[in-house]
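>>> Got a predicted structure plus its sequence, pasted below:
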Amino acid sequence: MAGRPPSLKLWRDSPKLARDVAASEGGQPRRLHMFKKILIANRGEIALRVIFACRELGIRTVAVYSEADENSLHVRFADEDICIGPAPSADSYLNVPAIISAAEITGADAIHPGYGFLSESAYLAEVCEACHIRFIGPDPSVIRLLGDKAKARRAMKKAGVPMLVGSDGPVETEEKALKVAKDIGYPIILKAVAGGGGRGMRVVGAAGDLPHAYKTAQREAEAAFGLGDVYIEKYLESPRHIEFQVLGDHHGNVIHLGERECSIQRRHQKLLEESPSIAVSDKVRRKMGGVVADAARAVQYTNAGTFEFLMDEKGNFFFMEVNTRIQVEHPVTEMVTGIDIVKEQLRIAAGERLSFKQSEVMFTGHAIECRINAEDPDTFVPSPGTIHAFSLPGGPGVRVDTAAHSECTISPYYDSMIAKVIVHGMDRQEAIARMRRTLEMAVIEGIRTTIPLHLRILADADFIAGRLNTHFMERYQPKSKARLAESA
Amino acid sequence: MKKGQVLCIIEAMKLMNEIDSEYDGEILSIYVENGQAVQYGERLFAIRLRT
């Protein structure tokens, strides 16, 4: 039990739990420690996804929403709902005091943070702990460790995870940066210690470009994260993005659920994900999965998490980062393993042991997810507005995770993803064909969506052959004059 | 201001879109406040073209 964080003891000894135990005696069969009511600190499809899991487990739900989301489905289908502020995220979905108050008022036992927003906030996890509300995610100290990219790198290196050569920690001066870069050899990449979403990142091909890039990366990191520290890593020319899903309980058990191939991305936003990866053999999956599970165990990782890697042409893996939350693309893993990751998150957070062993995890067939965004498919210009017709076909092997519907409004305040279409087939070929027929028959009117772009990707000879790397999307760069500030 | 100069940034769906001037000229008035929500086709600036 060495791996159990002190917070779990606190939880188990809390008066709330005693009430749970008492309540469970007369009612329907339920798990001894399972939550009675969960607040979902998120919106859109992921809030609905958590509601699905809660309903199936007989747990009541509380939706929180901004003024812009009053008519959203997560509000409609939760058992209770509370408005937590105006439309801008900073005043609502990022407002920790408002969210905690909502949990207190409704008497929620636990908070599920979804992805984005506060999902990787060690602060929210700490406040929850102090308020005897269970945060559905890893311990705050683990979130903090893995959220600091330089510290995470050191911890993972120590745990035996393969690394790209780089500065072990932030580089404080331009002179030091030049020296480190020279030792590593160009091209190198500068990354923000607090990093994420590509901000504070610069690729440098030669020493002459380093001083300018160093300053820009620092400024961007400072503006985006309030912390200007940057570190250096060797830059890979054409890697794949491969990530491993893990689950860890509070009893020291950690397993992996295989990999996801996420090389098809634009501005560090994934567009299409699949599992398994055509580039990962059974042997490599077992080996890397083992490495990842051991590393998670080494940092006492609990709940769901994702270890992201770059993979070079020779099949070598290099650690990028750990996402300490559920991910957008978790359904592809659910489709090939048959494991409900969100339910597992709830069970783990309630103190249960993992319900299966590594040897019981089976991978069947092939799954692909397309993220449908409200964007112009050619120029990528955001396309908020009202959807007048919304119909996504089902049929064998198709899953749609969405909070969109006919006559719903896609607001300009939040990200542009309106639906995830996930398909499962016997093999990759069937999955591709299934995704094509699904998207060809999708009807979304009133806004522009990326569906035509996804159809082009699905028909691309390189995609069909599985020749992927993170530069894949460059062939679809917009010819529009609209330029994004990020790239300036 | 000059053609190609950034006049403002419009944030939509977490993306920051720089809006460049299409003309050389002078800004006579600004019709919107910082942080205000805007719609397609909404008037942002009045510009006197340099001739």
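Nice, I can see it. Just so we're clear, the structure is a prediction, and the values are computed from it rather than from any experiment. Residues are numbered from 1 along each chain as shown, chains lettered A, B, ... in the order given.

>>> Strand partners (parallel or antiparallel) of the helix or strand bottoming out on mean pLDDT in chain B?
When each helix and strand of chain B is scored by mean pLDDT, DSSP states H and E, strand B:15-20 comes last, with a mean of 83. Strand pairing for strand B:15-20, using DSSP bridges, gives strand A:483-484 (antiparallel), strand B:6-12 (antiparallel).

>>> Could you check how far the residue most central in space within chain A is from residue A:200?
Nearest residue to the geometric centre of chain A (Cα atoms, centre = their mean): residue A:327, 2.5 Å. Going from residue A:327 to residue A:200 by Cβ to Cβ, to the nearest Å gives 21 Å. For every residue, glycine as well, the C-beta is placed using N, CA and C.

>>> And the residue of chain B positioned farthest from its centre, how close does it get to chain A?
What lies farthest from the middle of chain B is residue B:51; by Cα atoms, centre = their mean that is 20.0 Å. Distance, residue B:51 to chain A, using Cβ to the nearest Cβ, to the nearest Å: 24 Å.

>>> got the contact list for residue A:357?
The contact partners of residue A:357, by Cβ atoms under 8 Å, 6 or more residues apart in numbering or on different chains, come to residue A:255.

>>> so what pLDDT did it get?
At residue A:357, the model reports a pLDDT of 96.

>>> do residue B:51 as well
pLDDT, residue B:51: 78.

>>> next one: residue B:14
At residue B:14, the predicted lDDT confidence score is 80.

>>> For burial, what's the neighbour tally of it?
Neighbourhood size, residue B:14 [other Cβ atoms under 10 Å in any protein chain shown]: 15.

>>> isn't it right up against residue A:411?
No: if you go by Cβ atoms under 8 Å, residue B:14 and residue A:411 don't touch, sitting 11.4 Å apart.

>>> Okay, residue A:170 and residue A:289: tell me how far apart.
31 Å.

>>> related to what we said a few turns ago, helices or strands up against the helix or strand that the least confident helix or strand of chain B is followed by?
With elements assigned by DSSP states H and E, the helix or strand that comes after strand B:15-20 is strand B:25-30. Packed against strand B:25-30 by the contact rule (3 or more Cβ pairs under 8 Å, 6 or more residues apart in numbering or on different chains; DSSP states H and E) you find strand B:45-49.

>>> at 10 Å instead, please
The contact analysis (3 or more Cβ pairs under 10 Å, 6 or more residues apart in numbering or on different chains; DSSP states H and E) places strand B:25-30 against strand B:6-12, strand B:45-49.

>>> Out of these, which is the most enclosed?
Ranked by mean neighbour count, the helices and strands packed on strand B:25-30 are led by strand B:6-12 with a mean of 15 (mean count of other Cβ atoms under 10 Å in any protein chain shown).

>>> quick check: angle from that strand to strand B:45-49?
Orientation of strand B:6-12 against strand B:45-49 (axes from the mean of the first three to the mean of the last three Cα atoms, to 10 degrees) gives an angle of 150 degrees.

>>> Just the CA trace of strand B:6-12, in PDB.
The C-alpha trace of strand B:6-12 is given here as PDB (Å, rounded to 0.1, in the frame of the first residue of the first chain):
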ATOM      1  CA  VAL B   6      -2.300  44.400 -37.800                       C
ATOM      2  CA  LEU B   7      -5.300  46.400 -36.700                       C
ATOM      3  CA  CYS B   8      -6.800  44.100 -34.100                       C
ATOM      4  CA  ILE B   9      -7.000  40.500 -33.000                       C
ATOM      5  CA  ILE B  10     -10.400  38.700 -33.100                       C
ATOM      6  CA  GLU B  11     -10.600  35.700 -30.800                       C
ATOM      7  CA  ALA B  12     -13.000  33.000 -31.900                       C
END
